[in-house]
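Novice: need a structure here:
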Amino acid sequence: PAILKSTNGGVSYLLVYHSQVGPTTFSTLSDMIFPQDNTVGFAVDGYKVIKTTNGGSNWSVVYNGSAPALGALDAIDNNNVFAYSSDNSNTTGGMVKTNNGGGLWQAVTLPDPRLMSADFITPSRGWISVNQNFDSSLIYYTSNGGASWVKKNSGLVNPIQLLDMHFVNDSVGFGIGGLYTTFKTSDSGRVWEPIRRDNNFSYLGYGHNDLFAINENQFWCGGGRDFLEITTNAGGTPMPLALFKIDISALYNTNIVYLQNYSK
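Specialist: Predicted coordinates for the structure are as follows:
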């Protein structure tokens, strides 16, 4: 569990932080972010959140909670930061947030604790990916900082599991999941369509692990076996999906099967 810093473009690194984490066990630093600049940053190790105000040269603990286990970070700016569990099998997972740079943290009420990823575009508006099971892989949206949540997709018709996601506005977002698949939504998370690729690379059951956006058009997706993809046109036009429910409630009387549309 260490943080190393380079000031010469990666030619050499200096160890700036190292600590045994957790009350009885060793763990690892699982996420790090510098939301606004190269000065203020946050990192999380599963047990606590640490913060730097001098570009990573020194770190101090700003959150040390016994539960839930925290494995990922999301931030709007240097003051508004979310820390959450990223192990979707953890039924005791959760999320905490701060609006003053880590001085005070409060728990966020979640519709389900089995989080896979989260992304907020303002302190109030954000999305989470929840993996209850394959038929209940859901996207939830909040407009009030997590005080209440609205389910966006149908777990039976269009379940989606996103290891990471990034929204550029209230409607358009991107996510990674499956076998090196990048998805795009243009209706705030209701329908996620796969983005076209110029390759068919695959390796066993590996997939992308991280998504990084530098603006609303250009972002990278990287994953297992050193595979890296880039788009410079917001993913282009995604591949459409035919999504529908089958309604046979009137079949006996009318001999008609109805299809309830969930597609774009």
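Novice: separation between the residue nearest the centre of the chain and G205?
Specialist: Residue closest to the average C-alpha location in the chain (CA atoms, centre = their mean): S117, at 2.9 Å. Using CB to CB, to the nearest Å, one gets 19 Å for the distance from S117 to G205. Yep, even glycine has a C-beta here, placed from its N, CA and C like the rest.
Novice: again, but for D31
Specialist: D31 is 23 Å from G205, by CB to CB.
Novice: neighbour-wise, which of these two wins?
Specialist: Neighbour tally, D31 and G205, criterion other CB atoms under 10 Å: the higher count belongs to D31, 19 against 8.
Novice: For the more buried one, which residues are in contact?
Specialist: When contacts are counted by CB atoms under 8 Å, 6 or more residues apart in numbering, D31 touches 43-44, 71-73, 86.
Novice: Any idea which of the residues you listed the model trusts least?
Specialist: Looking at the contacts of D31 by pLDDT, the weakest one is S86, with 77.
Novice: That one in helix, strand or coil?
Specialist: coil (DSSP: H, G, I helix; E, B strand; the rest coil).
Novice: Do I have it right that it meets R114?
Specialist: No. S86 lies out of contact with R114 (CB atoms under 8 Å); the separation is 10.2 Å.
Novice: What strands line up against the helix or strand that contains the residue nearest to the centre of the chain, and which way round?
Specialist: Under the criterion of DSSP states H and E, S117 resides in strand 115-120. The strands that strand 115-120 pairs with in its sheet are strand 126-131 (antiparallel) (by DSSP bridges).
Novice: where in the stretch 151-264 of the chain is pLDDT low?
Specialist: The stretch 151-264 of the chain contains no residues with pLDDT under 70.
Novice: all helices of it, in order?
Specialist: Secondary structure of the stretch 151-264 of the chain (DSSP state H, counting those that start in this stretch): helices at 251-254.
Novice: Just the strands from it, written as ranges.
Specialist: With DSSP state E, counting those that start in this stretch as the definition, the stretch 151-264 of the chain shows strands at residue ranges 164-167, 173-177, 181-185, 193-194, 208-213, 219-223, 227-231, 244-247, 258-261.
Novice: Of those, which is nearest G103?
Specialist: strand 164-167 (26.7 Å; CB to CB).
Novice: Quick check: neighbours of the closest one in the sheet, parallel or antiparallel?
Specialist: According to DSSP bridges, strand 164-167 forms sheet pairs with strand 173-177 (antiparallel).
Novice: For the strand it pairs with, output the C-alpha coordinates as PDB.
Specialist: This file holds the C-alpha atoms of strand 173-177, laid out as PDB (Å, rounded to 0.1, in the frame of the first residue of the first chain):
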ATOM      1  CA  GLY A 173     -22.900   8.800 -20.500                       C
ATOM      2  CA  PHE A 174     -20.400   6.100 -21.100                       C
ATOM      3  CA  GLY A 175     -19.600   2.800 -19.300                       C
ATOM      4  CA  ILE A 176     -17.400  -0.300 -19.600                       C
ATOM      5  CA  GLY A 177     -18.500  -3.800 -19.000                       C
END
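Novice: on that earlier part again, make TSV from the contacts of D31 and add secondary structure to it.
Specialist: Listed next are these as TSV, based on three-state DSSP:
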residue	secondary structure
A43	strand
V44	strand
G71	coil
A72	strand
L73	strand
S86	coil
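Novice: now, among those, which is nearest to F201?
Specialist: Within these, the smallest distance to F201 is 25.0 Å, found for S86 (CB to CB).
Novice: Since that was my last question, I'll sign off now.
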